[in-house]
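Enquirer: Below is the sequence, then the predicted model.
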Amino acid sequence: MNVKKQFFDGLINQNPSLVQLLGMCPLLAITTSMFNGLGMGLAVTIILTCSNVVISALRKIIPNKVRIACYIVVIAGFVTMVDLLLKGFVPALSESLGLFIPLIVVNCIILGRAEGFASKNSIGASALDGIFQGFGNMISLTIMSIIREFLGAGTFGGGILNGGAGYQILPEDVVALGMILPVGGFLTLGVVIATVQYFMSKPKKNKEVAK
């Protein structure tokens with residue numbers, strides 16, 4: 001079990017959102033404030049980690065023909081628990097994220113890690129995979145949220161800082177409201193992915209020059 005490799009795979013090399021391009025729906029839809037980004041990222045991380053652990057523990061007794069159905073049942077159970085906990089303890093976040101919490105059941109990141117990793121590896125490795133992949137997804141959501149909130153509303157830390165209002169950095173009359181609309185999500189995602197790919201390709205180019 002290579003913990004260092006798992007960490008960098010989840011954060012950078014195999015980032016589920018910016019490299020594997022999984023879970024695009026919430027990445028585009030709810031990243032309009034830091035509150036939403038962190039909340040969704042944390043929810044996905046908890047569900048992903050718990051699902052990985054259970055699926056890894058049951059991997060040898062789950063019949064191969066019904067494995068996907070079993071994975072979905074496990075994931076749905078944890079999604080229901082997180083959804084109810086949010087409604088009970090963080091109702092503002094539950095209301096803000098709306099249907100995107102229940103839709104985590106069919107999130108490609110969670111099902112993909114269940115099929116591609118947890119079903120083939122030990123409980124410990126699967127738990128770390130869930131934490132690191134979830135953390136990578138949370139970082140992506142947070143970056144998207146900060147950029148869109150700053151350009152679209154002129155604020156930083158919306159829903160979290162300054163009593164939930166965030167700190168007004170840009171005057172309201174100079175913000176680009178389109179950035180908090182769907183088109184802003186696509187533009188921001190394109191720029192962030194291009195930036196990540198640029199920095200990931202630099203070491204490869206340097207190695208080729210060295211040769």
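Expert: Cool, got the structure.
Enquirer: Quick check: buried residues in the longest helix seen in the chain?
Expert: Secondary structure of the chain read by DSSP state H shows that its longest helix is helix 123-153. Buried residues in helix 123-153, defined by neighbour count with 16 or more other C-beta atoms under 10 Å: 125-153. For every residue, glycine as well, the C-beta is placed using N, CA and C.
Enquirer: what stretches of this protein score poorly on pLDDT?
Expert: Residues of the chain that meet the criterion pLDDT under 70 lie in 1, 203-211.
Enquirer: in it, which spans are helices?
Expert: Under DSSP H, the chain gives helices at 3-8, 24-29, 34-58, 67-89, 91-97, 108-113, 123-153, 182-210.
Enquirer: Compare those and give me the one nearest residue 176.
Expert: helix 123-153 (5.3 Å; C-beta to C-beta).
Enquirer: where's that closest one relative to the chain centroid, distance-wise?
Expert: Distance of helix 123-153 from the chain centroid (C-alpha atoms, centre = their mean, to the nearest Å) equals 4 Å.
Enquirer: so who does the spatially most central residue of the chain touch?
Expert: For the chain, residue 137 is the residue whose C-alpha lies nearest the centre (C-alpha atoms, centre = their mean; 2.9 Å). Applying C-beta atoms under 8 Å, 6 or more residues apart in numbering, we find residue 137 in contact with 15-17, 23, 41, 44-45, 48, 109.
Enquirer: Make TSV out of those residues and add neighbour count and distance to residue 118.
Expert: TSV is the format used below for those (neighbours: other C-beta atoms under 10 Å; distance: C-beta to C-beta, whole Å):
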residue	neighbour count	distance to residue 118
15	24	18
16	26	14
17	27	19
23	21	17
41	24	19
44	28	15
45	19	14
48	32	9
109	24	12
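Enquirer: could I get these as CSV with distance to residue 100?
Expert: Formatted as CSV, the contacts of residue 137 follow (distance: C-beta to C-beta, whole Å):
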residue, distance to residue 100
15, 20
16, 16
17, 14
23, 10
41, 12
44, 10
45, 15
48, 15
109, 13
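Enquirer: between those residues, which is nearest residue 32?
Expert: residue 41 (14.0 Å).
Enquirer: distance of the closest one from residue 35?
Expert: Per C-beta to C-beta, to the nearest Å, residue 41 is found 11 Å from residue 35.
Enquirer: same deal with residue 62?
Expert: 37 Å.
Enquirer: more neighbours, those two?
Expert: Neighbour count, other C-beta atoms under 10 Å: between residue 62 and residue 35, residue 35 has more, with 23 against 16.
Enquirer: what separates that one from residue 141, distance-wise?
Expert: Residue 35 is 11 Å from residue 141, by C-beta to C-beta.
Enquirer: ok, now residue 15?
Expert: 11 Å.
Enquirer: can you check residue 18 too?
Expert: Taking C-beta to C-beta, one finds residue 18 at 10 Å from residue 141.
Enquirer: what do you get for residue 184?
Expert: 15 Å.
Enquirer: same check, this time on residue 196
Expert: Residue 196 is 14 Å from residue 141, by C-beta to C-beta.
Enquirer: Ok, which of the helices of the chain comes nearest residue 162?
Expert: From these, taking C-beta to C-beta, the stretch that ends up closest is helix 34-58, at 11.5 Å.
Enquirer: Thanks again, I'm all set now.
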